[in-house]
Structure formats: C-alpha cells, structure tokens
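In: build the 3D model from these lines:
(2 chains)
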Amino acid sequence: MSETTMQEVVERIEPVDDRPTGFRAVLAEFWSYFSENHGAVLGLFFFIGVILVAIFANHIAPHLPNQQFRDALLQPPFWEAGGDTRFLLGTDAIGRDMLSRLIYGSRYSLFIGCIVVSISLVVGVILGLIAGFFRGWVDTFIMRIMDVVLAFPSLLLALVLVAILGPSLINAMIAIAIVQQPHYVRLTRAAVMTEMTKDYVTAARVIGVRSLRLMFITVLPNCMAPLIVQAALSFSTAILDAAALGFLGLGAQPPTPEWGTMLAEAREFILRAWWVVTFPGVAILVTVLAINLMGDGLRDALDPKLKRS
Amino acid sequence: MFLYFIRKLGVILPTFFGVTLVAFVFIRTLPGDPVLLMAGERGMSDERHAALMAEFGFDKPIIVQYGLYLKQLAHGDFGHSITTRKPVLEEFLTLFPATAELSLCAMIIAVFFGLPAGMIAATRRGSVFDHTVMTGALTGYSMPIFWWGLLLIIFFSGILGWTPVSGRISLLYYFEPVTGFMLIDSLLSGQEGAFSSAVSHLILPAIVLGTIPLAVIARQTRSAMLEVLSEDYVRTARAKGLGPQRVIGLHALRNAMIPVITVIGLQIGVLFAGAILTETIFSWPGIGKWMVDSIFRRDYSSVQGGLLLIAAIVMFVNLAVDLLYGLINPQIRHTD
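Out: As a prediction, the model looks like this:
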C-alpha cells in the first residue's frame, strides 16, 4: 500500500469536523438549548435585574434603609388612600421606606446565595472527589457522614446549628451551607465514579498523571454539568432557608433589611397594614422563582440525560 | 426481599448511630457546661455544681458518657425537659398527634390535587392547562411558605373572616383527647359544631404545609407520566385499540406511580421542616412549634430529644418507602 492511499484511508475513517470548537462554541451550543426555554430566559433576565438592583442599591433607593420618618408611620402605598409618592410602597411601623428596604434587602439575599453556594460547592466537590476517587473506607466514611446530615430535615438541622452557633446572618449561612453539603458530595461522587471508568482516565493514568492533577484537571471539568444545575437550585433554597431562619428570629437580626427578617417584624401588623407583609414575601417569591426557572433551563441545556440529540 | 431488607438495614443502622452521636455532641458543643446551662441565670455553688456533674455523669470520660447516653436511649429515656421537668418523650408524644394530623391532611391535599394535575398535564402536553399547572407548580415550589401562610391569614381570616387565626379548635369546646387527632376526637365528643370548628382551624395550615409537596408531586407525576407514555407497551396497548382512558388509567398510571410513590414518601422530611414554620405562624401546638419554642427557651434537652426523635421518624418512614419501593418494583431489589 503506497503512502498516498494510506493518507486517504485515514481521512475516510476520521471525517474532518469543521464545526467551531473551544469555549465560544460550547457557549453558543449552551445558549441555543437554554434559549429554547422561554421561562428560563425570563428568569435569567429577572435575576440579572436583581443583581443590578443590588449593586446600585444606594443610587436607586429613594431613602436609606434604616432612615425613620416619624411623620409617616405605617403609611400605605401611593395608590391607596392616605398614600404618598414619597414612599412608593408605603412605610413600616417605625416609618422606614418599604421600597428602599426591599432594594437594600436584595443585597443580603444575593450575598447569602453566593456564600452558601460557594462554601457548600467547594467543600462538597472536594469531599465528593475524594470519596469517588479513593473509594474504600474513605468513601464509606464520608458517605455515612453525609447520610447522617441528610437524615435530619434540613431546616430543623439548620435551626439547631444556629442554636449552637448563636443567631446571626453569618451563622445562618454556615448552617445552611452545612445542610446543603451532602447534595454536592453525592453528585460529585456519582459523576466521578462514572468518569473513572472511561478510557481517557485510564490513558491519563498510564502516562503517569498524578492523582491531584487527575482529580481536578482531568476529571472534574467533565463532572460540572450536574453541579452547575445543583448550584442554581441550591442558590434559591439558600435564599428561602435564610429567609425562614430570619423569619423565626434566628437569622439576620433587626434592623437588617433582610426580607425574611422584615416579614418577622411585620407579623404583628398583618391585619392592619397588608403592605408590610406582602411586599417582602413577593420579593422572596419572585427572586426564588426566577432562579428556579433559570435552574430548569440550565438542567435542560446541560443535563446529558435529558439532552435532545 | 429479605436480603434487600437486611441490606437497607445495614445502611440505616450506622446512620442511626451517627444521628445519636450528633444529638449527643449537640448538647456538649453549646457554650458553657450542661449543668450551668440548667442552672440558668441563678448560678450555683461549686460544691453543688460538682455534685450535679457527678449525678448526671458529666465528670466521666466522653466515650463513657456517650455509652451511658445510648444506654438511656435504649431504655426509652430521652432526658427531661429543663423547663417543665417532664420526660421529653412524654412531651413529644403529647404533641406529636397534632403534627401528624396536620401533616396527614397536608399530604392528602397534596396528593388529591397534585396527582390528577400532573397526570392531565402530561396527557395534554403543551396545552394551556399543562403550562398553567407547570407554572403553578414551580411557583408553589418557590414559595416562602411562612409568607404564604400570612397571606392566607390576611385574606381568609382578616378580610373574609372565615377562619380563625390560631390553635386547633375553638375554646368553647373541651373534651378529653382519645386519638389525639382533633378531627376524630371532635366527632367522637358528639358536641355540636366541634367538628366544623376543628376543620376551620385545620384547613389553612394544611393548605400551607401541603403547598410544596403538592408542587413536587405534580411535577414528578407529569414527568413520570411523560416518560411512561413514550414506552413501547403503551404504544402496543394503543395499537391493540384500547381506549385512552384504559391506556392512561391502567397501563401507564401503574408504572408511572412507582417514582411518584417514592417522592411522596420522601416528602416526610419536607413536612417536618414545613411544620416548623407552619405551626409557628398558626400557633399550632405540635412538634415544630415545640422545637422552636424549646430553642428560644434554651431548653436544650428538649431540643436534643426532639432532634433525635424526628430524625428517627424520618429514617423509619424512608426505610418503609424503600421497602415498599422494592416490593412494587422487583428490579430495584436486585441492583444497588
């Protein structure tokens, strides 16, 4: 067989793939799947809106969050009788502007989401990698601990952890991060175990790639899809749980304009002033809903099991 | 099946010991030692302190203390409440029926509306009904239920005046609890109006607590149904000329129910977490409110006992669901 025909054979076996590759192409493919889900796009835009509101809170908010207007206690929103355009969404029991407090509150919710997801993601991924990589007693040990954490209803365990640590926003975030931990560990471990059986891992081992590099650089990037989806979903759970802890008086403490804490302060006025109760809840619901919509879209676009080929 | 049971037990037993360890460690990680905690603000003399430490066994090595704790648990002793001095188990059992009744009603609401909604949404995929159900389900899933409860109170109690704001039954009625379930007890008491009073107290909290399970069940039923409807045997059944009701109601539903039953079982943890918030809002005298109150009263032995008992119940129910799952789906018994 001459050399030219050999060349032809090789070309016939491996047809040239001229589709764009690299990060841009991956992003374009992702977006084409993601944008099919209109709800997800809507959620994404709303979420970006919340981020912008949080960043520019001090420019957008008409008043300071803790500034009290003694002449305007429990003033209704501007469209109700007795309302005033000075306070678009009314004021609370000690004359603080609801709208400004809600705007500043978005900072807390996003902060909570980011911190909780970062802590639980980083620690969870490391534990999951170790468990899935080394198996044996290390695996059993880690997974049993995760089983124990999962045996408790999440909010209850968070509540008890806060009782130990003392009620504050930081401790609430730590507690929620601990409670959400096991989901990341399980996902990472499962993904690592699937990847480990593949040829490219064997190949990497054969050429002598060290464990640490194999774990974080070779295997981990291929396990990211379910983790990203989980991160989105646990972002919203973190906001909900932190608001619940705040509502129970175990999260952020007054006068912090955290949405759950605002609801707790508003509880005694529910039958007199509907706006102090309604708006913080709407803020929580809509933000969480937007993130969950986004999460659904992410899952559709990233989850290989559901991916339409 | 027996082997499957043993295998499940092999996983759950170490977890249970882990749970007892968490409950044991919990009270020791609190700032201050347990005896000082019990004494509270009053404080005590050093001799009395040492005597109490010895009495409760706190002067022994930590591993011995854990052994003693396990021994106590084996005898059904979950400690005594620091505020009421009553055994924790007794308090728990007195309050548990209230939470059980609430959770059961919440679950009935969730299944009663969630299952049909998910089924119909799946059979009419892409329709307006499907979109409405899915949007509603995602909204329910994203709901801060403590706020949802407050909204319902504003509307139904504040504006319409239909339902009371708190408690399990009007103070006008009194009868000895027989089953602990207010709905049944009020009927048994034979007092006029007692039952409707109990229902009006229960309805809002049950709706609030049922919201998230309802959303989860609707979503899960829909996706399980969609998966089953694309299976070959459904096509075969249709090809045989069976009517849509028979295909969906008999062939598809039976198989779609397998994952749905699991999801329903797994809601037990969600229910307990939800009960903490729901009971607090509606002043419902159950376990959830008791746990929150105990935390605020610094009644840590109650918190410890409650934590352990709730975890045990959740684990027990999950085990039961696993076994049921193995029973209806033989495949699962033979794979891990």
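
In: wait, residue A:44 touches residue A:296, no?
Out: No: applying Cβ atoms under 8 Å, one finds residue A:44 not in contact with residue A:296, separated by 11.1 Å. All C-beta spots, glycine's among them, are computed from the backbone N, C-alpha and C.

In: in this structure residue A:244 contacts residue B:146, no?
Out: Yes: at 6.0 Å, residue A:244 counts as touching residue B:146 under the criterion of Cβ under 8 Å.

In: need the residues touching each of these two.
Out: Common contact partners of residue A:244 and residue B:146 (Cβ atoms under 8 Å, 6 or more residues apart in numbering or on different chains): A:260, B:277.

In: the helices in the stretch 1-150 of chain B, which residues?
Out: B:2-29, B:34-39, B:46-55, B:62-74, B:88-123, B:128-141, B:145-152 (DSSP state H, counting those that start in this stretch).

In: got it, and chain A?
Out: Using DSSP state H, the helices found in chain A span residues A:3-13, A:23-34, A:38-55, A:57-60, A:98-134, A:136-151, A:154-165, A:169-196, A:199-206, A:211-213, A:224-247, A:259-266, A:274-302.

In: and those helices, which is most packed in?
Out: By mean neighbour count, with neighbours taken as mean count of other Cβ atoms under 10 Å in any protein chain shown, helix A:259-266 ranks first of these at a mean of 26.

In: can you list the low-confidence ranges for the chain?
Out: No chain in the question, so chain A it is. For chain A, residues meeting the criterion pLDDT under 70 lie at A:1-21, A:303-309.

In: chain B, not that one
Out: Residues of chain B meeting the criterion pLDDT under 70: B:31-43, B:56-57, B:332-336.

In: the same query, at a cut-off of 50, please.
Out: B:336 (pLDDT under 50).

In: returning to what we had before: quick one: which of the helices of the stretch 1-150 of chain B is nearest residue A:89?
Out: With Cβ to Cβ as the measure, helix B:145-152 is the member of the helices of the stretch 1-150 of chain B nearest residue A:89 (15.6 Å).

In: what is that closest one packed up against?
Out: helix A:224-247, helix A:259-266, helix A:274-302, helix B:194-229, helix B:253-282 (3 or more Cβ pairs under 8 Å, 6 or more residues apart in numbering or on different chains; DSSP states H and E).

In: just the CA trace of the second one, in CSV.
Out: This points to helix A:259-266. Extracted in CSV, the C-alpha atoms of helix A:259-266 (Å, rounded to 0.1, in the frame of the first residue of the first chain):
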residue,chain,number,x,y,z
TRP,A,259,-36.5,40.1,53.5
GLY,A,260,-37.3,37.2,56.0
THR,A,261,-36.4,39.4,59.0
MET,A,262,-38.6,42.2,57.6
LEU,A,263,-41.5,39.7,57.5
ALA,A,264,-40.9,38.7,61.1
GLU,A,265,-41.1,42.4,62.1
ALA,A,266,-44.2,42.8,60.1
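
In: against which helices or strands is it packed?
Out: Packing partners of helix A:259-266 (3+ Cβ pairs under 8 Å, 6+ apart): helix A:98-134, helix A:224-247, helix A:274-302, helix B:145-152.

In: now the third one, how far from the centre of its chain.
Out: Spelled out, it's helix A:274-302. 11 Å (Cα atoms, centre = their mean, to the nearest Å).

In: next: the first one.
Out: Its chain's C-alpha centre lies 6 Å from the corresponding centre of helix A:98-134 when counted by Cα atoms, centre = their mean.

In: so who does the closest residue to chain B within the stretch 201-309 of chain A touch?
Out: The nearest approach of the stretch 201-309 of chain A to chain B comes at residue A:281, 3.2 Å away (Cβ to the nearest Cβ). Residue A:281 sits next to A:259, A:263, B:144, B:147, B:148, B:150, B:151 when contact means Cβ under 8 Å, 6+ apart.

In: and these as a markdown table, adding distance to residue A:159?
Out: Listed next are the contacts of residue A:281 as a markdown table, based on distance: Cβ to Cβ, whole Å:
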| residue | distance to residue A:159 |
| --- | --- |
| A:259 | 18 |
| A:263 | 17 |
| B:144 | 16 |
| B:147 | 18 |
| B:148 | 19 |
| B:150 | 19 |
| B:151 | 23 |
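
In: wait, which of these is closest to residue B:18?
Out: residue B:144 (30.8 Å).

In: would you list the phi and psi of the closest one?
Out: The phi/psi pair for residue B:144 (degrees, to the nearest 10) reads phi -70, psi 100.

In: which residue packs closest to it, ignoring adjacent ones?
Out: residue A:284 (4.6 Å; Cβ to Cβ, 6 or more residues apart in numbering or on different chains).

In: shouldn't that neighbour be in contact with residue A:241?
Out: No: assessed by Cβ under 8 Å, residue A:284 is found out of contact with residue A:241, at 11.1 Å.

In: quick one: the residue nearest the centre of chain A and residue A:114, what's the gap?
Out: For chain A, the residue nearest the mean C-alpha position is residue A:235 (1.9 Å; Cα atoms, centre = their mean). Separation of residue A:235 from residue A:114 (Cβ to Cβ, to the nearest Å): 8 Å.

In: do residue B:229 as well
Out: Residue B:229 sits 40 Å away from residue A:114, going by Cβ to Cβ.

In: swap in residue A:36?
Out: 28 Å.

In: just residue A:199 next, same as before
Out: 37 Å.

In: secondary structure element holding the residue nearest to residue B:8 when sequence neighbours are not counted?
Out: Spatial nearest neighbour of residue B:8, chain neighbours left out: residue B:322 (5.3 Å); criterion: Cβ to Cβ, 6+ apart. Taking DSSP states H and E as the criterion, residue B:322 maps to helix B:300-328.

In: number of residues surrounding residue A:270?
Out: For residue A:270, the tally of surrounding residues (other Cβ atoms under 10 Å in any protein chain shown) stands at 20.

In: so what does residue A:77 have for phi and psi?
Out: Here residue A:77 shows phi and psi, under degrees, to the nearest 10, equal to phi -60, psi 160.

In: ok, now which ones touch residue B:124?
Out: Neighbour list for residue B:124: residue B:130 [criterion: Cβ under 8 Å, 6+ apart].

In: any idea how far residue B:137 is from it?
Out: For residue B:124, the distance to residue B:137 (Cβ to Cβ) stands at 15 Å.

In: please name the residues that touch residue B:72.
Out: Residue B:72 is in contact with B:78, B:79, counting by Cβ under 8 Å, 6+ apart.

In: so how far is residue B:20 from it?
Out: On the measure of Cβ to Cβ, residue B:72 and residue B:20 end up 10 Å apart.

In: same check on residue A:283?
Out: On the measure of Cβ to Cβ, residue A:283 and residue B:20 end up 41 Å apart.

In: next one: residue A:151
Out: 11 Å.

In: with residue B:138 instead?
Out: 38 Å.

In: these two: which has the busier surroundings?
Out: It is residue B:138, of residue B:138 and residue B:20, that has more neighbours when counted by other Cβ under 10 Å, with 21 against 17.

In: quick check: the more buried one touching residue B:215?
Out: Yes: the criterion here is Cβ under 8 Å, and residue B:138 meets it with residue B:215 at 7.2 Å.

In: can you tell me what sits against stretch B:271-279?
Out: A:153-156, A:159, A:244, A:247-248, B:98-99, B:102-103, B:106-107, B:145-146, B:149, B:205, B:208-209, B:212-213, B:284-289, B:291-292, B:310, B:313-314.

In: tally of neighbours for the nearest residue in space to residue B:125 that is not next to it in sequence?
Out: The shortest distance from residue B:125 to any non-neighbouring residue, by Cβ to Cβ, 6+ apart, is to residue B:226 (6.6 Å). Using other Cβ under 10 Å as the criterion, residue B:226 is surrounded by 16 other residues.
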